[in-house]
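Q: I would like to see how this sequence folds:
(one chain, ligands or ions: 3)
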Amino acid sequence: MTTPFLEVKNLNVSFPTEDGEVMASQDISFNVALGETLAIVGESGSGKSVSNLAVMGLHNRARTNISGEAWLNLASGPVDVISAPEETVRRLRGKSMAMIFQDPMSALHPYYSIGDQLSEAWRLYNEGSKSDGIKRAAQMLDLVGIPDAARRVQEYPHQFSGGMRQRVMIAMALINNPSLLIADEPTTALDVTVQSQILQLLRDMQKEFNMAVILITHDLGVVAEVADRVNVMYAGKIVEKAGIDSIYYNSLHPYTMGLLSSIPRVDQLGGHRLKTIPGQPPSLIGLPAGCSFRSRCEFASNVTGNLCATSAPLLEIKAPEHASRCHLSVEQLNEFNPSDVRGTHK
Ligand SMILES: Nc1ncnc2c1ncn2[C@@H]1O[C@H](COP(=O)(O)OP(=O)(O)OP(=O)(O)O)[C@@H](O)[C@H]1O
Ligand code: SF4
Ligand SMILES: [Mg+2]
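A: Ligands and ions are numbered 1, 2, ... in the order given. The predicted structure is shown next:
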């Protein structure tokens, strides 16, 4: 087996607040190898961004409690970005690892040309004049599919459409050839056609640069075409992790089954109401004992001894390369997994 580029081990992130400690990410462990895409899926507030911002070293360390490890296996040797000095992590950011966000406008400066901004990002890590940087910027814009790149490099962010701005952000993230790219909801603000173009671009860029990619999304429907593996998060924890096919065809967690039931299906367009999961996730302050999903789980009553209310399930391997955090057995989960969900989404 190839060594993963990123190895996250037992990562916990919490925020002390006046109301109590917000347990935003708990016991997060996962790996991503070069050339692989891991999707992280879950509802709003499930801890997707918080855990990945910790990997990027982007939390304010004075106001955030972070424990655990996140190893980058660099050519020069492994570095744990959680315990490494902030200056080391700052140097790795933009060079060995990069992140793109949902809203490119917030990451681009309105008063500088796209070429200047890309050129500056390149010159942080490369010897070269400003005009070398602008040349490199134009190459990158061309690579991410922006037509007439040599001219558009002189333009400003407001002169680009939403989809084109997201392409610029991808160019900016990739300009120093990082080994890890974290894309946090990169397509949410875009219309459906542009969304699929950007996902396709991310896939092409991954091949071109042989990167490890983490794609964060709340939409399990968009990951089928791009991801190799999926981590499903709920209330700060990974509740299921498996290869993309196992998740789609043989989910082993009631929450994932609910997410799958709420994906629009081509054969059900036109009048069929989609199932949504009733209820809300629990507050992350003072989480109650037991399974965090239980107030919304249709199957909790099938577990004997009120276990779902009294004991938090562990993330256990239930099938080859397939882990789930649920007290139900594989046989029970297979029985409950609705047949109209299984095998219909890819
Ligand atoms: N600085 C902070 N202080 C206190 N709580 C925070 C802070 N940052 C995030 N949180 C809380 O941590 C939880 C997880 O947030 P996170 O941003 O990771 O969610 P997410 O899964 O990325 O959701 P979304 O899909 O909306 O982006 C949320 O309840 C959020 O309110
Ligand atoms: S542990 Fe219980 S409440 Fe939690 S997902 Fe499984 S059956 Fe549902
Ligand atoms: Mg987020």
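Q: Flag every residue of the stretch 151-300 of the chain that's near ligand 1.
A: 218, 284 (Cβ under 6 Å from any ligand atom). C-beta here means a position set from N, CA and C on the backbone, and glycine is covered the same way.
Q: what are the ranges of the helices in the stretch 151-300 of the chain?
A: 162-174, 192-209, 244-249, 254-261 (DSSP state H, counting those that start in this stretch).
Q: and those as TSV, adding mean neighbour count?
A: What follows is those, written out as TSV (neighbours: other Cβ atoms under 10 Å):
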stretch	mean neighbour count
helix 162-174	23
helix 192-209	16
helix 244-249	20
helix 254-261	23
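Q: Could I get the contacting residues of residue 15?
A: Applying Cβ atoms under 8 Å, 6 or more residues apart in numbering to residue 15 gives the contacts 21-22, 24, 63-65.
Q: Buried by neighbour count, from those residues: which ones?
A: Neighbour counting by 16 or more other Cβ atoms under 10 Å classes 22, 24, 64 among these as buried.
Q: From start to finish, how long is stretch 183-201 in a straight line?
A: 12 Å (Cα to Cα, to the nearest Å).
Q: returning to what we had before: want to throw the helices of the stretch 151-300 of the chain into JSON lines with distance to ligand 2 and mean pLDDT?
A: Shown next, in JSON lines, are the helices of the stretch 151-300 of the chain (distance: least, Cβ to the nearest ligand atom, whole Å; pLDDT from 0 to 100):
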{"stretch": "helix 162-174", "distance to ligand 2": "35", "mean pLDDT": "93"}
{"stretch": "helix 192-209", "distance to ligand 2": "29", "mean pLDDT": "91"}
{"stretch": "helix 244-249", "distance to ligand 2": "15", "mean pLDDT": "94"}
{"stretch": "helix 254-261", "distance to ligand 2": "4", "mean pLDDT": "93"}
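Q: near ligand 2, which residues of the chain?
A: 254, 291, 293-294, 297, 299-300, 303, 308, 313, 326-328.
Q: Secondary structure class of residue 147, three-state.
A: coil (DSSP: H, G, I helix; E, B strand; the rest coil).
Q: Tell me the pLDDT of it.
A: Note on residue 147: pLDDT of 96.
Q: What separation is there between it and residue 69?
A: 44 Å (Cβ to Cβ, to the nearest Å).
Q: When the two are compared, which one has more neighbours?
A: residue 69 (15 against 9; other Cβ atoms under 10 Å).
Q: how many other residues sit next to the residue nearest to the more buried one when sequence neighbours are not counted?
A: Leaving aside its chain neighbours, residue 69 sits nearest to residue 9 (4.4 Å; criterion: Cβ to Cβ, 6 or more residues apart in numbering). Residue 9 has 15 neighbours, counted by other Cβ under 10 Å.
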